[in-house]
Every structure is written in C-alpha cells, then in structure tokens.
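**Q** Here is my input, please return the structure:
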Amino acid sequence: MPRAGQPQWTFRSVHPKDDWTKLFEGVNLVLNADGLIEYVQPAPASVAALSSDRLLGRPIDECLSPPGPVTFRELLEEAASSDAPLLLFSDGEGSAHASRYSVFRFGNGKNARYALSLLELGGDAKLSLLQRFAGAFLKDVNLGVLLINPDFELVEISDTACRVLGVRREEALGKSMDELFAGVPAEHRFVQRQLLDGMVVKNYAFSWTNDQERFELILDTSLLKDARGRVVGAYAMFKDVSNLRSLEQQVQRSDRLAMIGQIAAGTAHEIRNPLTSIKGFLQILQKSLKEHGMEKECGYTELMLSEIDRINALVSEFLLLSKPKSAKLCKINVSTVIREIYPIIRNEAILHDVTVEYKPCEGLPPIMADRELLKQVFINLCKNGIEAMSAEGGKLTILEKGDEEEKRVNVCVQDTGPGIPAFLIDKIFDPFFTTKEDGTGLGLSVCQRIVHDIGGTLRVSSKGYGTTFVVSIPYATA
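**A** Numbering: from 1, shown residues only. Down below sits the predicted model:
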C-alpha cells in the first residue's frame with residue numbers, strides 16, 4: 001500500500017503475488033496516460049537539483065533534454081527496447097541532469113499510470129563526462145552549434161551561434177528553422193530542410209552577415225540517430241574562421257603589393273625622366289602660344305600638362321606601394337595630426353555639399369608613426385567618404401577612441417553614403433580595384449600598406465547604408 005501522503009489510486013492489472021509496496025518505494029515520478037507528472041518522490045542525487053515544484057504538474061516532454069528521449073512516447077519506447085536507458089532533465093537554465101531510468105505501467109488506457117524509477121549513475125551526483133563535454137562544447141567561444149528535431153525545429157543553440165545569427169537564445173528555441181531564417185532567401189540558408197533527409201555537408205566555407213557583423217564560417221552538418229537507426233534529429237556545426245581568412249587575405253594582398261612595388265621602384269625613374277622633359281617643352285610651347293594669342297591651342301597644352309601631372313601622381317602612388325624606407329617614425333598625437341588636416345577635409349566637404357563632424361578624444365596616448373604618411377591615410381579615407389556622398393550630400397564623422405584593453409588608438413571615419421555591396425567589400429583593398437570612373441584603385445592599397453607598416457590595422461564595415469573605416473594603431477612604447 002502507498003505510504004501516507006501519497007495519492008490513493010486504484011491500479012488495475014496488478015497481480016496479487018506482486019510486492020507493489022517495495023516497487024512503489026523506488027518510484028520517483030508517476031505520469032498519467034498523457035505524460036503529465038502527477039507525483040514526485042525525492043530523486044537521486046543526479047537530478048536532485050530539480051525541485052518537486054518545477055516538475056509537478058508539468059508534461060514530461062517539457063522537462064527533457066537531448067540526446068536521449070525528449071518526448072513521453074520516446075521515453076516509453078526507449079524503456080521497452082533498452083536496459084536502463086539514459087534520461088536527461090533540463091533545469092531550464094541551459095544545463096542538464098542525467099539519470100538512468102526504468103518504467104512500470106499500472107492500469108490501462110486513460111487510467112494508465114507510469115512509474116519512473118531513477119537510478120544513480122555509478123554514485124556520481126553530477127553530470128557524466130559525456131554531458132560535461134557537451135556543455136563545454138556548446139559554450140566554446142568559436143563554435144556554433146544548432147540542434148534540430150525531426151520537425152525541423154531548433155531545440156538547442158550555442159552562444160556563438162546566437163552571436164553569429166544575431167538572435168537571442170530564449171527567443172530562438174522551439175522555433176522552426178524556416179521561421180528563424182525567414183528574412184534570408186531559401187538558397188542562402190546554410191541549414192536546409194534536406195538535412196533531415198540525409199544531406200550531409202562537410203567543411204563547407206561560406207560568408208554570413210547579420211545586422212552588425214560579417215563572418216567567414218566553415219560548416220559541417222549530419223543526422224542524429226538512435227540505437228535502432230531512427231532519425232531523431234540533426235545538427236549543424238560551424239567554426240568562425242574570420243580571423244584566419246582575414247590574415248590569409250592580408251598575406252596575399254601584401255604579396256601582390258610587394259610585387260607591384262618592386263616593379264614600380266624599378267620603372268618609376270624611367271617614366272618620370274621623359275615626363276619631365278615633355279612637361280618642360282610643353283610649358284615653353286604654352287608660353288609661346290599665349291604670346292601669339294593662340295588661346296585655343298593653349299587650352300590643348302593645358303590639358304596635356306594636367307594629364308602629365310596625373311601620370312606623375314600615379315607613379316608616386318606606385319612608389320608608396322613598396323615599403324617606405326624613408327618613413328620617419330616618431331611619437332605623435334593622433335588628435336594633432338587630424339587637426340592639422342581638418343581644414344583640407346572641411347574645404348573638400350563644402351565643395352561636395354557634405355558636413356563634417358570631428359569628435360576628438362582628449363588624453364589619448366601617443367603612437368609611433370610617420371606624421372606625413374598618416375596625414376595621407378586620413379585625407380584619403382575622408383576624401384573617399386566625401387566622394388561617396390557627393391550625389392546627395394551627407395555627413396562625414398571623424399571619431400577618436402582609445403582602447404585601454406588592447407592598448408590601441410582607434411580613428412573611425414564614417415560616412416552616410418550608399419555603402420559598399422557585400423560582394424565588393426573584400427576587394428576594395430586590392431591594387432587597381434576601383435568603382436570610380438577616374439580612380440586608379442591604388443588609394444586604399446597605399447593606405448593599408450602605410451598603416452600595416454607602423455603595426456596597425458585598417459578595417460572596413462558597411463551595413464548597406466554608410467561605410468566605416470577604422471584605423472587602429474598601438475600605443476607608443478615607453
């Protein structure tokens with residue numbers, strides 16, 4: 001007979017010779033025919049963290065975690081086909097508590113009751129080694145994990161996956177994957193419904209952009225099956241390799257710049273010498289034409305002289321692609337450099353109907369750089385931003401920030417232009433790549449080379465509206 005305080009049920013199909021008193025003493029949970037928890041007895045240490053208040057009156061389906069049975073029906077099937085299968089109880093806070101279990105049925109039909117006996121895991125009151133690994137696996141700083149059930153619904157997601165997808169865990173869990181990727185065209189969703197049909201992906205590299213960041217990812221997907229070969233779900237696992245891809249691209253770009261720089265250094269003088277002679281004779285010719293009143297012909301010479309100046313400027317940019325050996329590194333203050341070039345930037349902005357806002361940061365530590373070359377970087381970045389907004393005007397913001405943790409000075413140049421398309425943003429630092437009709441495609445390459453040579457980085461981000469370039473330079477060492 002049940003002890004005092006236990007529910008007084010009349011169980012059917014009870015054999016008179018069975019000692020149900022001993023059996024009932026080992027029962028920890030009693031479920032009704034619909035899987036609702038009607039009775040809770042203090043559980044073994046492995047699930048002691050789950051209070052009676054949390055379990056009592058809830059469907060068992062809401063209390064279970066994968067891997068293992070996650071529904072009432074699966075729980076009964078596993079108990080019938082396996083000796084003491086593993087059961088995981090969710091504590092609602094991202095952790096799971098494990099226990100072996102066995103099930104006994106009392107009665108039939110709607111009057112049936114199912115008694116669960118929870119067994120210790122070798123006397124260990126904590127999670128098994130496998131569960132410890134699973135918990136750490138989901139919290140890995142660079143590992144994204146999506147666990148999907150047979151209905152193509154998300155049942156678990158790692159912290160990194162939340163960050164990459166731009167979602168909150170509590171809002172994403174339980175949603176259909178179609179709903180989760182609702183704003184993404186079907187062909188660009190990296191988790192497809194065909195995954196549950198056995199479509200396996202290994203080492204698939206792709207780019208992903210949320211509302212704030214762009215990531216380079218490597219994806220693996222696979223099915224999850226139980227001991228009898230039935231599909232119980234699937235997982236998608238991806239690694240954030242943005243830093244490695246960025247480093248690889250920088251190395252490739254540096255190799256190209258070095259090659260171009262070597263060619264430029266060897267040919268620049270050979271180009272400039274004849275240009276100097278041509279320019280000198282054109283100036284003499286222009287003076288003579290003016291004296292004879294040949295204004296039309298003077299216009300032709302003026303055009304030729306301007307083109308020669310353009311060629312000279314291009315040759316100068318070529319020379320800067322090689323490492324500037326004459327760079328004069330010294331301790332300088334970024335705010336001082338920007339204030340010196342601010343009038344130039346402001347005048348350029350006025351010509352294009354653009355407003356400029358400068359937000360200095362007082363007390364920034366000094367950096368080691370070449371003052372004139374750094375001026376060239378900021379002028380070039382600001383000029384690009386102003387020209388990007390020249391069609392309808394806009395606002396250019398120059399923002400200084402100090403990063404105490406990384407020991408770096410950051411200067412952000414932000415515009416409100418149309419932005420850079422995602423398929424072009426990887427190419428903007430490549431030599432000779434330009435979207436301007438009269439551009440050389442060398443400006444940003446030169447800027448990146450200058451910044452890299454003083455130990456800094458030059459990054460770009462664009463959200464489809466506006467572009468931000470960030471120049472980051474280490475503090476000067478004492």
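**Q** list the helices and strands the helix or strand in which Arg105 is found packs on?
**A** In this structure, Arg105 sits in strand 96-106 according to DSSP states H and E. On a contact count with 3 or more CB pairs under 8 Å, 6 or more residues apart in numbering; DSSP states H and E, strand 96-106 meets helix 72-81, strand 86-90, strand 113-119, helix 129-138. For the C-beta atoms, the positions are set from N, CA and C on the backbone; glycine is no exception.
**Q** could you redo the last one with a cut-off of 10 Å?
**A** With contacts defined as 3 or more CB pairs under 10 Å, 6 or more residues apart in numbering; DSSP states H and E, strand 96-106 has these neighbours: helix 20-25, strand 29-31, helix 72-81, strand 86-90, strand 113-119, helix 129-138.
**Q** Show me what the third one is packed up against.
**A** Meaning helix 72-81. strand 29-31, strand 86-90, strand 96-106, strand 113-119.
**Q** low pLDDT regions in the stretch 51-200 of the chain?
**A** 51-53, 67, 82-84, 91-97, 119-142 (pLDDT under 70).
**Q** and Ala205, that one's in a helix?
**A** No: the assignment for Ala205, made by DSSP: H, G, I helix; E, B strand; the rest coil, is strand rather than a helix.
**Q** Apart from its chain neighbours, what residue comes closest to it?
**A** Ile218 (5.3 Å; CB to CB, 6 or more residues apart in numbering).
**Q** you'd agree that neighbour is up against Met237?
**A** Yes: using CB atoms under 10 Å, Ile218 is in contact with Met237, at 9.4 Å.
**Q** Helix or strand for the residue nearest to Ala205, just tell me which one.
**A** strand 214-225.
**Q** Can you name the next helix or strand after that strand?
**A** strand 231-240.
**Q** roughly how far apart are the spatially closest residue to Leu143 that is not a sequence neighbour and Leu217?
**A** Nearest-residue entry for Leu143: Thr160, 5.6 Å, with adjacent residues in sequence omitted and distances by CB to CB, 6+ apart. For Thr160, the distance to Leu217 equals 10 Å [CB to CB, to the nearest Å].
**Q** Give the residues shared as contacts by those two.
**A** Common neighbours of Thr160 and Leu217, counting by CB atoms under 10 Å, 6 or more residues apart in numbering, are Gly144, Phe238, Lys239, Asp240.
**Q** ok, and the most crowded of those?
**A** When neighbours are counted by other CB atoms under 10 Å, Phe238 leads the shared contacts of Thr160 and Leu217 with 27 neighbours.
**Q** Got the confidence number for that one?
**A** Per-residue confidence at Phe238 stands at 88 (pLDDT).
**Q** partner residues bridging it?
**A** Gly144, Leu219 (DSSP bridges).
**Q** so what's it up against?
**A** 142-146, 158, 160-161, 164, 190-191, 201, 204-206, 208, 215, 217-221 are the contacts of Phe238 under CB under 10 Å, 6+ apart.
**Q** now do Val413
**A** So Val413 contacts 345, 377-378, 380-382, 384-385, 396-399, 460, 467-471 (CB under 10 Å, 6+ apart).
**Q** before we move on, what about Ile350?
**A** Val356, Ile386.
**Q** That one is in what secondary structure piece?
**A** Going by DSSP H and E, Ile350 is in helix 334-351.
**Q** Check which helices and strands the following helix or strand past that helix sits against.
**A** Sequence order places strand 354-359 as the next helix or strand after helix 334-351, per DSSP H and E. Applying 3+ CB pairs under 10 Å, 6+ apart, one finds that strand 354-359 makes contact with helix 334-351, helix 371-388, strand 394-403, strand 408-415.
**Q** And the pLDDT at the spatially most distant residue from the centre of the chain?
**A** In terms of distance from the mean C-alpha position of the chain, His292 ranks first, at 67.9 Å (CA atoms, centre = their mean). Per-residue confidence (pLDDT) for His292: 85.
**Q** Asp415 too?
**A** 92.
**Q** what's the answer for Asn273, then?
**A** Asn273 is given a pLDDT of 75.
**Q** domain parsing for the chain?
**A** Residue ranges of the domains in the chain are recorded as 20-126, 139-240, 246-321, 330-474, according to automatic domain parsing.
**Q** Check the offset of stretch 200-207 from the chain's centre.
**A** Using CA atoms, centre = their mean, to the nearest Å, the mean C-alpha position of stretch 200-207 is found 16 Å from that of the whole chain.
**Q** What are the buried residues along that stretch?
**A** Val201 (16 or more other CB atoms under 10 Å).
**Q** if I pick the residue farthest from the centre of the chain, what's in contact with it?
**A** Cys298.
**Q** Gly280 versus that one, what's the distance?
**A** From His292 to Gly280 the distance is 20 Å (CB to CB).
**Q** same thing with Cys382?
**A** For Cys382 relative to Gly280 (CB to CB), the value is 34 Å.
**Q** Kindly report the same for Met199.
**A** 70 Å.
**Q** of those two, who's got more company?
**A** Neighbour comparison, Met199 and Gly280: the larger count goes to Met199, with 13 against 10 (by other CB under 10 Å).
**Q** I'd say that one and Arg193 touch.
**A** Yes: under the criterion of CB under 10 Å, Met199 makes contact with Arg193 at 9.0 Å.
**Q** Give the residues shared as contacts by those two.
**A** Counting by CB under 10 Å, 6+ apart, the residues touching both Met199 and Arg193 are Ala234.
**Q** and Ser472, how many neighbours does it have?
**A** Ser472, neighbours per other CB under 10 Å, totals 18.
**Q** How about the contacts made by it?
**A** Ser472 is in contact with 401, 403, 406, 408-412, 451, 455-459, counting by CB under 10 Å, 6+ apart.
**Q** Show me what it is bridged to.
**A** Beta-bridge partners, per DSSP bridges, of Ser472: Asn410, Thr457.
**Q** how near is it to Glu357?
**A** 20 Å.
**Q** Also Phe152?
**A** 48 Å.
**Q** try Gly363
**A** Taken as CB to CB, the span from Gly363 to Glu357 is 20 Å.
**Q** Tell me which of these two has more neighbours.
**A** Neighbour comparison, Gly363 and Glu357: the larger count goes to Glu357, with 10 against 6 (by other CB under 10 Å).
**Q** Name whatever forms a beta bridge with the more buried one.
**A** Applying DSSP bridges, one finds that Glu357 bridges with Thr397.
**Q** Who are the contact partners of it?
**A** Applying CB under 10 Å, 6+ apart, the residues contacting Glu357 are Lys395, Leu396, Thr397, Ile398, Leu399, Gln414.
**Q** Apart from its chain neighbours, what residue comes closest to the fourth one?
**A** Leaving aside its sequence neighbours, Ile398 sits nearest to Tyr358 (CB to CB, 6+ apart; 4.8 Å).
**Q** Settle this for me: the one you found is touching Pro343, isn't it.
**A** No: if you go by CB under 10 Å, Tyr358 and Pro343 don't touch, sitting 11.2 Å apart.
**Q** Identify the contacts common to those two.
**A** Joint contacts of Tyr358 and Pro343 (CB under 10 Å, 6+ apart) do not exist.
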